[in-house]
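Visitor: Provide a 3D model corresponding to the input given below.
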Amino acid sequence: MILKRFFSLLLIGLSFLLFSFSLPNKLLKKVNKEINSTFEVEDFQLKLIKINDSVNNQLGKKIGEDHLFKIESNSKLIGYAYIDKAPSKTDEFDYLVLLDKNLIIAKTKVLVYREDYGGEIGSKRWLKQFIGKKSSDSLQYEQDIIAISGATISASSMTIAVNQFLHSLEILHINKVL
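Guide: Presented below is the predicted three-dimensional model:
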């Protein structure tokens, strides 16, 4: 009886992990670390936000199936996490945008950078420029966001990606997704 119950719980737990979202484990660890430090919370849950096709079609750039999450602690909303990829010179990089519960950027982070050059976009100092931005902001590379010599393509790409996400927030909010 106890063994049967154990296997049932194990199966439910594994099903939840497999079907809740499909972030690679290494990426998920980095995301969890950033959530811990940004929101100063140890115990939290990432809950996948499903966006139906009619809303996704309104967005300038569609949001993939496993990219947007609610962050809850003790059943209370503490913020949102958005994970995506952006192009660099010859590859792409993974990045994270953390929003507070008011949909204001609390942190941006380059999670995985796959180029030999341009990794400076991962510096905390450069990424701080995005903190405090909200859906009503429109970011221009070399005007609102400082350029980085040697990382022009990646820095511009990160600016464009965050800008597109900020514009999507308004549509998601209007459609009661967030």
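
Visitor: which parts of this protein are helices?
Guide: All helices of the chain, identified by DSSP state H, fall at 2-20, 25-39, 53-56, 124-127, 152-174.

Visitor: okay, now the unreliable bits of this protein?
Guide: 1-22 (pLDDT under 70).

Visitor: okay, buried residues for stretch 48-55 please.
Guide: 48-49, 51, 55 (16 or more other Cβ atoms under 10 Å). Heads up, the C-betas are built off the backbone N, CA and C, glycines and all.

Visitor: could you do stretch 161-178 as well?
Guide: Those would be 161-169, 171-172, 177-178, for stretch 161-178 by 16+ other Cβ under 10 Å.

Visitor: list the contacts of that stretch.
Guide: 49, 51, 55, 58-61, 63, 80, 82, 84, 86, 95, 97, 99, 103, 105, 108, 130, 133-139 (Cβ atoms under 8 Å, 6 or more residues apart in numbering).

Visitor: buried ones only from those, please, as a ChimeraX command.
Guide: The following ChimeraX line selects those of the contacts of stretch 161-178 that are buried, judged by 16+ other Cβ under 10 Å:
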select :49,51,55,59,63,80,82,84,86,95,97,99,103,105,108,130,133,135,139
